[in-house]
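Colleague: following is a predicted model, sequence given first.
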Amino acid sequence: MEELKLLGNWASPFSYRVLWALKHKGVKYEYVEEDLFNKSELLLRCNPIHKQIPVLVHAGKPVPESIIILEYIEDTWPQNPLLPLDPHERTMARFWIKFGEDKAPIFYKFFHTVGDEQVKGTKEAEELLKTIEEYGLGDKEFFGGEELGLTDIAYGWIACWLDVLAEAAGVETLGPQSFPRLQAWAERFKQLPLIKDNLPDRHKMLTFFKSRREKIIAPAATS
Ligand SMILES: N[C@@H](CCC(=O)N[C@@H](CS)C(=O)NCC(=O)O)C(=O)O
């Protein structure tokens, strides 16, 4: 069997995207935990551009960037498809995945700011959630219809990480709970055995993200 390694980090939603997709496909792989404060030679060699996890290394060939890795997984292991067969539906799944990626900096603003900036960032993130709920999810069970797909995996952090980040940043109101259809999707998503059995411990995440947040806002708080 060709060697397959996932370089990841326990707290990273981007790592979990890849892990969920591999498990969904039933593909065996070796997980390598990266210390992001002391990156391994392997990571630096495999992702010299961004020096970030996740990286999937397949038969010695590295693939960086979680969304690109998801596409690679779908192309390489076609079983249990995560993208629809219909070309238009397939393209729209990619549209929504790209939308989420393009808007990521706006989404994370609330976590990196304080005061008025944070209020503004929270509002902007809420607007994005509203758009995703109304135009992306609509009345469907999952983004692609009745079954889990690549868009759900890409947006999985909204179901499993956003409330933790919001709590760590003191903006508990931010999250799918304010959007009924998004909230129902998030609950449905989290109840899938694939997701439920493959998530970091919430308390451990909260402690970690609170400490990250304190470090991020420290210069703003003392200036
Ligand atoms: N766009 C990237 C983001 C990956 C990312 O932000 N990884 C973080 C961990 S969550 C990382 O490796 N941080 C270390 C660093 O930037 O030095 C992806 O989707 O893979």
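Modeller: In hand now; what should we look at? Numbers count the residues shown, from 1 in each chain.
Colleague: list the contacts of whichever strand or helix holds T91.
Modeller: For T91, the element it lies in under DSSP states H and E is helix 87-102. Helix 87-102 is contacted from outside by 67, 70, 83-84, 107, 132, 136, 143-145, 149-151, 154-155, using Cβ atoms under 8 Å, 6 or more residues apart in numbering. C-beta here means a position set from N, CA and C on the backbone, and glycine is covered the same way.
Colleague: may I see the buried residues of that helix?
Modeller: 90, 92-94, 96-97, 99-100 (16 or more other Cβ atoms under 10 Å).
Colleague: could you give the angle of the next helix-or-strand element following it to helix 87-102?
Modeller: Reading on from helix 87-102 to the C-terminus, the next helix or strand found by DSSP H and E is helix 104-112. Angle, helix 104-112 to helix 87-102, by axes from the mean of the first three to the mean of the last three Cα atoms, to 10 degrees: 40 degrees.
Colleague: the helices in this structure, which residues?
Modeller: 13-25, 41-46, 66-76, 87-102, 104-112, 115-131, 150-154, 156-160, 162-168, 180-191, 193-196, 202-222 (DSSP state H).
Colleague: what's the most buried one of the ones you listed?
Modeller: Stretch with highest mean neighbour count among those: helix 150-154 (a mean of 26; mean count of other Cβ atoms under 10 Å).
Colleague: packing partners for that helix?
Modeller: helix 13-25, helix 66-76, helix 87-102 (3 or more Cβ pairs under 8 Å, 6 or more residues apart in numbering; DSSP states H and E).
Colleague: now with 6 Å?
Modeller: helix 13-25, helix 87-102 (3 or more Cβ pairs under 6 Å, 6 or more residues apart in numbering; DSSP states H and E).
Colleague: include mean pLDDT when you put these into CSV, please.
Modeller: Converted to CSV, those look like this (pLDDT from 0 to 100):
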stretch, mean pLDDT
helix 13-25, 98
helix 87-102, 97
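Colleague: which one of the ones you listed lies closest to W77?
Modeller: Relative to W77, the nearest member of those by Cβ to Cβ is helix 13-25, separated by 4.4 Å.
Colleague: what about that closest one and the ligand, touching?
Modeller: Yes: contact of helix 13-25 with the ligand is found when judged by Cβ under 6 Å from any ligand atom, involving F14.
Colleague: helices and strands of the chain: which one has the lowest mean pLDDT?
Modeller: Lowest on mean pLDDT, DSSP states H and E among the helices and strands of the chain sits helix 202-222, with a mean of 89.
Colleague: tell me the buried residues in stretch 24-31?
Modeller: 24-25, 29.
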